[in-house]
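**Student:** pasted the sequence and its predicted model underneath.
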Amino acid sequence: MTTLEITQDDIARGKPGDTHSCPVVLAATKAFHCSSQEISVGGFQLIHMPAFTGDIDIYQLPGLAQAWIAAFDRGEQMQPITFDITLTDHEGDDE
């Protein structure tokens, strides 16, 4: 399990509707120590594709996070939030 902490700075820098620049992605880059190009958010999942590894890790987003993202994308004023994500699938060389 990985904890994502979306800060006020992440919210200020995030871009609604951008799968590589939403506040959740920005928080994930800090948690995974990677660039935003290695993280994507879509639907119910966060996908982490570590550079130069060929791996793909898929994390389920909790309902609270999904609702938060939808509200952010609608342009609502958002507050910082913290939630856990759980690895649900892994594809890569070490399978």
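**Tutor:** Yep, it's here. Numbers count the residues shown, from 1 in each chain.
**Student:** is Ser40 within a helix or a strand, and which one?
**Tutor:** With elements delineated by DSSP states H and E, Ser40 resides in strand 39-42, which encompasses its position.
**Student:** what lines up beside that strand in the sheet?
**Tutor:** Strand pairing for strand 39-42, determined by DSSP bridges: strand 45-48 (antiparallel).
**Student:** what residues sit buried inside stretch 6-15?
**Tutor:** Neighbour counts over stretch 6-15 (16 or more other Cβ atoms under 10 Å) mark 6, 10-11, 14 as buried. The C-beta positions use only the backbone N, C-alpha and C, and glycine is treated the same way.
**Student:** show me those residues that map onto helices.
**Tutor:** Residues of these located in helices (DSSP state H): 10-11.
**Student:** quick one: buried residues of the strand holding Ser40?
**Tutor:** Within strand 39-42, the residues that qualify as buried by neighbour count (16+ other Cβ under 10 Å) are 39-41.
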